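> for reference, the sequence and a predicted model appear below.
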Amino acid sequence: MAAAVVDEEGSTESIALADSQLLQTIGTNPRQTQLSAEIADAQLISAPFLEESSSSSHCQDVFQADQMDKRLAVRRRHSLQHQSEDASCRSSLAATADEASEPPSKFMKPDSPGEADQQSAVLDFSARVQHPPGADGVADECPINRIPDELLILIFSYLVEGDLVQCSSVSQSFNRISNDVGLWKQLYIGVHEYTTPLYHSSSSSCKFELREPNRWRNCANAWKESFLLLRHAVHVRPGMNALYNQPGRRISHFECIESALKFVEARPQIAKLVLLHSGHHTPEPIVINSAVQIIGASAGSDLDVMRAVSIESQKDTAISFVDGSLGSYLGYCSVAFNPDKVSLQPHINHYALQITDETDVVIDHVIVHSSSFVGAALCVKKQSANPRLRHCIVSDCENVGIFVSDNAHGRFEDCEIARNNLAGVWVKNHANPLFKRCHIHHGRDVGIFTFENGNGYFEKCNIHSNRISGIEVKLHANPTVVRCDIHNGQTGGIYVHEKGRGQFMENRIYSNEFAGIWITSQSEPTIRKNEIFNGQQGGVYIFGEGRGLIEQNNIYGNALAGIQVRTSSDPIVRLNKIHDGLHGGIYVHEKGKGLIEENEIYGNTLAGIWVTTGSSPILRKNRIHSGKQVGVYFYDNGHGLLEENDIFNHLYSGVQIRTGSNPKITRNKIWGGQNGGVLVYNNGNGVLEDNEIFDNAMAGVWIKTDSNPTLRRNKIYDGRDGGVCIFNRGRGLMEDNDIYRNAQAGVLISTESSPILRRNRIFEGRAAGIEITNGASATLEYNWLYMNRYGGLCLATDVRPSLRDNRIFDNHNAVERAIAKGHCLFKISSCTSFPMHDFYRCVTCNTTDRNAICISCIRICHRGHQVEFVRHDRFFCDCGAGTLEQQNCCLQTEIRDNDTIYDSAQPTESETGSNNPLVGPPVAAGGGGEGNLAPQH
């Protein structure tokens, strides 16, 4: 550029000459005529600055004396016009956190006129900031630098990007104004359409992101930086040829995708980047076999851009990535396959997107859709296929959403897969994709379907509101599902069947209409560390010979059983917490089996564990407590092994056995119940060995109604009632038991019962050792009865037991001693126990057989009355208790009210299995239960 010479009068002609030379340097532009008019008006604005300069002789001398040096400097600037755009306009963008740190580039030469700081490595791109003068103190006096910023911004707004880059090398003020953010934003939006600058990572050829300017690190002008990053892009924007072919602009532009792809393939030395602008594009099927990058370009947010740029095919797969497409990219657009619905052509192998052979394409921010009734919207197949999909939407398809098959892999992150007519995701034939943080919901079938040896890793996905299961696994499929939320399914959460497997760990499975997890037909999954709660039916349902490992789960708040095992199923249930269910804890029925060990089962509305209908599980080392009914309940031929469990604090009995059930109960602790310890009734059987049964509110063991259990080597102690009570034709064999420190009789046999007691030690009871009453009988052999308060063996009238070699010694005989001292027996029994002795009725006082009077009160309180002997039996004295209407006891100093009947209080039987319409049996097959509600598929 020739230097502008200003005469001593500072004439306006000199200013005009300088301005015209400046325009020649900037370059030719279609708006040059308008620019000339603007500059002519600017002469009047610029004149005062130059006139003020001419009034200072020192400034004039300096300026005129330096003209030769300026011309030389300007000549050096001419050489910049012959440099490549890359060299004259290198990126000054600093590395972000995820990129390698590199020093920023500097694109002004050290000898540029008006350079602010020779030591600075980063230019200050901020507009309208005054820079200090150059090192020689003269640069700020250059007339070009004195043109007002407003005028320069107006002039530069008519320039294209190449002109702005050239102007940045002219002078300090040009450099500052040519980097104005507003100028570059306006220019950028016009060329690229983006209203947010597109960031492209220098460390990854496939990372693009619409990034707000304030997130560009160490970059004052993100719009310019993005322009430089996209300078090699080829634009597909129909009807905009005039915009991209302006003089001075070097941007490749095409009307259709096919032409753009042919162009980028013809220049392999430059990055193959295609910007596809707003509009509906219907090209011929696209096959990508090289590292092509196709990006949608439009205004608005990420989703706005995705919707504004669409690619559609109606006859064949819209876009296929095949062998050779390593490093390719597709982003910020929509891709659809919408065949003619009346077409007879089959479309089972046609997709919106197909990824096959050896490729690692990145698909980012893409909406994928297919209206074909067969096939899938997106297909990934063959062993070397390993795409990466991020922030994609696969929705509203008339078929499968994503289909991964034939040993393919792939990484799917932050995708939304919704409202598809078939499964949201299909995985088969040894495919092993990774799905992470995906949202899979409102499908009209299952959410994820893995079958025929399909695998897959699913992590932190939100899977909900699907019509069938959230996840279905069958036919040897073996997926891994970790830390997902699977909820609000219209049937169940997870369905594993037909020899399916899988690892399900640390998931939250809740609020599904059927069971949280189904396992059936010889399937064997691992269910570990999951939260399974608030299901409208059960938690885990295992049926039809299902197996599997159910371990370390937290199962609670479900409407039916926390875990249900039926129809010959045989799972391992270990280390789970099963609690606060609205029904029961674990329900094993219809020949169910299983190893159930080391679980904590508590706070359930019905029984902690049911075993029924021919089932025979192993229940070992569980803590079963705080239930609102029974702890463990065997009924209707329920069998199995109950071993080393801690069963305590239930509202009903700790264990109940009835109706033909015959479990083996060994080495358990059964204690703290608000009812009895073990209740065997209604033809119940069972073997109880080596158990500790203690501190129960009622009898430690109840045997009644034709039941016939075996009790061997148990310790039954510290009961708040009797030790063992045998009523109502109860039988049973009791051998080698220790029964001690119970509040009532160690063993009470009543109402036609006839057990066998052999080698038992019954001692330190607070009542009698053994009491037999009410027409009962017994065989007593080799028992030791000692240190009991009322006596060792107490027999009521007409009781004739079979006795052999029993040792009865050191008993306190408190009843006989009280009678000998003339004490009322109520004094020693109170209302809580029933000493056995003679009792009478008083005819004079009009008492009945329901009112017993001890011999001491007959002698003292009813002396001279007409009395009758009733029988020798268990009772407490009504006279001493103060319950007789016409007589107060003379032997008592305190009158006590009492409503207690003569026999020990009866245990509460479980209502489960009764005809109670409010509780009823556990719901199984039919009747709205889980049994027949197998999921559809």
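Here it is on my side, so go on. Residues are numbered from 1 along each chain as shown.
> flag the shaky bits of the protein, pLDDT-wise.
Within the chain, the stretches with pLDDT under 70 are 1-142, 202-206, 342-348, 830, 886-887, 892-937.
> check which residues of stretch 669-678 are buried.
Lys669, Ile670, Trp671, Gly672, Gly673, Asn675, Gly676, Gly677, Val678 (16 or more other C-beta atoms under 10 Å). C-betas here are computed from N, CA, C, even on glycine.
> got the contact list for that stretch?
For stretch 669-678, contacts defined as C-beta atoms under 8 Å, 6 or more residues apart in numbering pick out 625, 631, 645-657, 665, 688, 691-702, 716, 719, 721, 907-908.
> quick one on the thing from earlier: narrow the buried residues of stretch 669-678 to those in strands?
Residues of the buried residues of stretch 669-678 located in strands (DSSP state E): Lys669, Ile670, Trp671, Val678.
> ok, those vs Arg249, which is closest?
Proximity of these to Arg249 (C-beta to C-beta) peaks at Lys669, which lies at 88.0 Å.
> tell me how far the closest one lies from Gly676.
The gap separating Lys669 from Gly676 is 15 Å, by C-beta to C-beta, to the nearest Å.
> go on, Ala308?
To Gly676, Ala308 is 75 Å away according to C-beta to C-beta.
> ditto for Arg766
Between Arg766 and Gly676 the computed distance is 18 Å (C-beta to C-beta).
> also Gly489?
For Gly489, the distance to Gly676 - C-beta to C-beta - is 42 Å.
> repeat that for Tyr244.
Taken as C-beta to C-beta, the span from Tyr244 to Gly676 is 91 Å.
> same thing with Ile527?
Separation of Ile527 from Gly676 (C-beta to C-beta): 35 Å.
> same question, Gln866
For Gln866, the distance to Gly676 (C-beta to C-beta) stands at 42 Å.
> same question for Ile177.
Taken as C-beta to C-beta, the spacing of Ile177 relative to Gly676 amounts to 95 Å.
> can you check Arg789 too?
22 Å.
> in three-state terms, label Arg871 for me.
Going by DSSP: H, G, I helix; E, B strand; the rest coil, the secondary structure assigned to Arg871 is strand.
> does the closest residue to it other than its chain neighbours sit in a helix or strand, and which one?
Spatial nearest neighbour of Arg871, excluding adjacent residues (C-beta to C-beta, 6 or more residues apart in numbering): Thr797 at 4.1 Å. Remark: Thr797 resides in no helix or strand, with elements defined by DSSP states H and E.
> kindly report the same for Ile665.
Per DSSP H and E: strand 664-666 holds Ile665.
> ok, which stretches of the stretch 351-500 of the chain are helices?
With helices called from DSSP state H, counting those that start in this stretch, the stretch 351-500 of the chain shows none.
> and for the stretch 801-937 of the chain?
In the stretch 801-937 of the chain, helices defined by DSSP H, counting those that start in this stretch lie at 814-820, 826-829, 855-860, 878-881, listed in chain order.
> could you do the stretch 101-250 of the chain as well?
Secondary structure of the stretch 101-250 of the chain (DSSP H, counting those that start in this stretch): helices located at 149-156, 161-167, 172-178, 181-192, 222-229, 241-244.
> which other helices and strands does the last one contact?
In terms of contact count using 3 or more C-beta pairs under 8 Å, 6 or more residues apart in numbering; DSSP states H and E, helix 241-244 is assigned the packing partners helix 181-192, strand 252-254.
> what residues sit buried inside it?
Counting neighbours by 16+ other C-beta under 10 Å, helix 241-244 gives Tyr244 as buried.
> send the alpha carbons of it over as PDB?
The C-alpha coordinates for helix 241-244 follow below in PDB (Å, rounded to 0.1, in the frame of the first residue of the first chain):
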ATOM      1  CA  ASN A 241     -24.800 -19.700  -4.600                       C
ATOM      2  CA  ALA A 242     -24.500 -15.900  -4.700                       C
ATOM      3  CA  LEU A 243     -23.600 -15.800  -1.000                       C
ATOM      4  CA  TYR A 244     -20.700 -18.200  -1.100                       C
END
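> if anything else comes up later, I'll come back, but that's it for now.
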